[in-house]
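Asks: sequence and predicted structure below; questions after.
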Amino acid sequence: MKLANTLAMALLTTSLLSACGFQLRGDYLLDDDLQTLYVSSSDVHGELTRLLKLHLTRNQVKVLNQSTLEAPELRIVSDNLDRRTLSVFPNGQVAEYELIYSVHYQLRFSGEDARDFRFELYRDYQDDPNLALAKSRELSLLLSEMRTSAADKILRDMARVQR
């Protein structure tokens, strides 16, 4: 009887989680056509390109070193960081920024036109001129986290692509 209750509870929990659309992150079910891919970028050694290749490799995608006619191409067209002032100190120095990380990329299958994708990520950053070194390190960590989020978003978008 106790085993039946435990089994029923596990079945109920599983069905509730799957009904609400819950999915574990980390593994992306990419289409079979995307299991071999060429990644190109105007900034070949950029952090976003490096992170994207790492995420693809972790998801068992073969990343090619050079373009072929058969393999799809993922091209990072641009990734830009902008900032907008949100607030200022009484002395006129900027107190808080909104960081805007914009990414534009294309996915091209052989014999087809490229599909364009664009998105933006936003983060707030509070500046303090009295703690310049610490704030510089915080900004660096924040930018790194935004690029990691961007690489995850690209993989999530690719998982939704149907040919």
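Replies: Happy to help now that I have it.

Asks: show me the shaky parts of this protein.
Replies: For the chain, residues meeting the criterion pLDDT under 70 lie at 1, 18-28, 163.

Asks: need the strands for it, in chain order.
Replies: Secondary structure of the chain (DSSP state E): strands located at 36-41, 62-64, 73-88, 94-108, 115-126.

Asks: can I get those in TSV with mean neighbour count and distance to A134?
Replies: (Glycine included, C-beta is placed from N, CA and C.) Listed next are the strands of the chain as TSV, based on neighbours: other C-beta atoms under 10 Å; distance: least, C-beta to C-beta, whole Å:
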stretch	mean neighbour count	distance to A134
strand 36-41	18	32
strand 62-64	14	36
strand 73-88	14	18
strand 94-108	17	15
strand 115-126	13	11
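
Asks: which of the residues in the longest helix belonging to the chain are buried?
Replies: Assignment by DSSP state H gives helix 132-159 as the longest helix of the chain. Burial within helix 132-159, assessed by neighbour count using 16 or more other C-beta atoms under 10 Å, is assigned to L139, L143, M146, R147, T148, A150, A151, D152, I154, L155, M158.

Asks: ok, and the closest non-adjacent residue to the first one?
Replies: Nearest in space to L139, with sequence neighbours left out and distances taken as C-beta to C-beta, 6 or more residues apart in numbering, is Y125 at 6.2 Å.

Asks: for the one you found, list each beta-bridge partner.
Replies: Y97 (DSSP bridges).

Asks: quick one: contacts for it?
Replies: With contact set as C-beta atoms under 8 Å, 6 or more residues apart in numbering, Y125 has these partners: R83, E96, Y97, E98, L99, E138, L139, L142.
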